[in-house]
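Peer 1: build me a model:
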Amino acid sequence: MSILEPTVENIRAAADAIRSGKLVVIPTETVYGLAADATNPAAVRAIFAAKGRPAENPLIVHIAEMKWLDQLVAEVPDYARQLAGTFWPGPLTLVLKKLPHVLSEVTAGLDSVAVRMPSNEVALEIIIQAGVPVAAPSANIFMAVSPTRAEHIGAEITSAAAMIINGGTTLHGLESTVVDCLGEQPKILRPGGISRAQIEEVLGRQLGDASGDRRSPGQYPRHYAPKARVRIVDRLGPDQAGLTFEEPLNPDQVRMDPDFPRAYGAYLYEAFHLFDERGIVEICIQKPPDTPEWEAVWDRLRKASH
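Peer 2: Predicted structure coming up:
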């Protein structure tokens, strides 16, 4: 399947395809998503079939305007509206009480729905023109590394999608932060593109932690994993491939900067894809700093190395 540039005509064609029940790969600011009409049960089931994703794993619904939120959810706490007003569009997902008509296929039978508004202009325009909320998990088979470039899309996904819209390399490279907004105390279910510190600064209070809660995607012990084995080490040896903070000892070592966790996260999946393409069987990762700024990176590394 050819990768299409985001021209006016191709964006319109992608929106038409989604509206007609087909799957389309779209860029977002986090990773590429396998998009479908979130109000079409058959289209949503097609996502699960293409990815080999278990039905117990809920999808994130992507919207294009704030007013769409009230068409999906029954309750929006004041703090959730504050977060949406600050970080939308952007890589923040809010888990909220769903309205009865929201498909159980989307929510994995739960009484909640995960919603976000992407900041990628191509994604937003496709959703606007489709005129429907869009379910769009990462465009890869279940548990594999998410694609951060259109070229990362594998055969299993390309064979199921009507088209792939190219948006270049994604900005954040890691999935969105997911926050449980069902109770009085907001909780992080999955760290991601918006840091805990950023959220706590807006709310003026600390967040709870509910990692492992199945109301969010990405909660399996092993997830976001390349084909190669991933091992976290204190220091890379001269014959090892992977990511280091020191001078590389061979061509399969990539030097990273320990002072920029966001840049590290933006490149992590790119590195996983690169090493897989080279046929590397073991990727060694020098331990990043153990500070709050590295929370999202550590989450992905632990899951990839499980």
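Peer 1: describe which strands the lowest-mean-pLDDT helix or strand in the chain pairs with in its sheet and in which direction.
Peer 2: Using mean pLDDT, DSSP states H and E, strand 208-209 stands out as the lowest-scoring helix or strand of the chain, at a mean of 78. Applying DSSP bridges, strand 208-209 is found paired with strand 187-190 (parallel).
Peer 1: mind checking the pLDDT average for the strand it pairs with?
Peer 2: Averaged across strand 187-190, the pLDDT comes to 94.
Peer 1: residues making contact with that strand?
Peer 2: Residues outside strand 187-190 that contact it (CB atoms under 8 Å, 6 or more residues apart in numbering) are 93, 95, 175-180, 196, 199, 207-211, 213, 215-219, 299. Heads up, the C-betas are built off the backbone N, CA and C, glycines and all.
Peer 1: just the buried ones out of those residues, please.
Peer 2: Buried members of those, scored by 16 or more other CB atoms under 10 Å, are 93, 95, 175-180, 196, 199, 207, 210, 213, 215-219, 299.
Peer 1: taking the centroid of the protein, which residue is nearest it?
Peer 2: Glu175 (2.9 Å; CA atoms, centre = their mean).
Peer 1: hmm, Pro191 and it touching each other?
Peer 2: No. Checked against CB atoms under 8 Å, the pair Glu175 and Pro191 is beyond contact range at 9.3 Å.
Peer 1: and Leu268, what is it in contact with?
Peer 2: Contacts of Leu268 (CB under 8 Å, 6+ apart): Gly173, Leu174, Leu243, Val297, Arg300, Leu301.
Peer 1: which of the three states applies to it?
Peer 2: Here Leu268 is recorded as helix under DSSP: H, G, I helix; E, B strand; the rest coil.
Peer 1: could you report the pLDDT at it?
Peer 2: Looking at Leu268, its pLDDT reads 98.
Peer 1: check the one 3 residues further on too.
Peer 2: At Ala271, the pLDDT value in this model is 98.
Peer 1: now do the strands in the stretch 51-200 of the chain.
Peer 2: With DSSP state E, counting those that start in this stretch, the ranges of strands along the stretch 51-200 of the chain come out as 60-62, 92-97, 112-116, 134-135, 163-165, 177-180, 187-190.
Peer 1: quick one: closest of the ones you listed to Ala263.
Peer 2: Closest of the strands of the stretch 51-200 of the chain to Ala263 is strand 177-180, at 17.2 Å (criterion: CB to CB).
Peer 1: tell me the strands beside the closest one, with direction?
Peer 2: Applying DSSP bridges, strand 177-180 is found paired with strand 92-97 (parallel), strand 187-190 (antiparallel).
Peer 1: make a markdown table from these and add distance to Leu4 to it.
Peer 2: Shown next, in a markdown table, are the strands paired with strand 177-180 (distance: least, CB to CB, whole Å):
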| stretch | distance to Leu4 |
| --- | --- |
| strand 92-97 | 27 |
| strand 187-190 | 30 |
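Peer 1: out of those, flag the one nearest Ile47.
Peer 2: Comparing those against Ile47 with CB to CB, the closest turns out to be strand 92-97 (16.5 Å).
Peer 1: quick one: Ile285 and Thr158, what's the gap?
Peer 2: 29 Å (CB to CB, to the nearest Å).
Peer 1: tell me the contacts of the closest residue to Thr177 other than its chain neighbours?
Peer 2: Excluding the flanking residues, the one nearest Thr177 by CB to CB, 6 or more residues apart in numbering is Gly192, at 3.8 Å. Shown in contact with Gly192 (CB under 8 Å, 6+ apart): Thr30, Pro91, Leu92, Thr93, His172, Leu174, Glu175, Ser176, Thr177, Val178, Ala296.
Peer 1: now swap in Asp209 and tell me
Peer 2: Counting by CB under 8 Å, 6+ apart, Asp209 makes contact with Lys187, Ile188.
Peer 1: excluding chain neighbours, what is closest to the residue located most distally from the centre of the chain?
Peer 2: Ranking residues of the chain by C-alpha distance from their mean position (CA atoms, centre = their mean) puts Pro238 at the top, at 33.5 Å. Of all residues not flanking Pro238 in the chain, Leu249 sits nearest, at 4.4 Å (CB to CB, 6+ apart).
Peer 1: and the strands of the stretch 51-200 of the chain as a markdown table, adding distance to Ala50?
Peer 2: Listed next are the strands of the stretch 51-200 of the chain as a markdown table, based on distance: least, CB to CB, whole Å:
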| stretch | distance to Ala50 |
| --- | --- |
| strand 60-62 | 16 |
| strand 92-97 | 21 |
| strand 112-116 | 19 |
| strand 134-135 | 12 |
| strand 163-165 | 13 |
| strand 177-180 | 22 |
| strand 187-190 | 22 |
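Peer 1: can you map out the helices along the chain?
Peer 2: Using DSSP state H, the helices found in the chain span residues 8-19, 41-51, 78-87, 104-107, 121-130, 155-158, 196-203, 261-277, 295-304.
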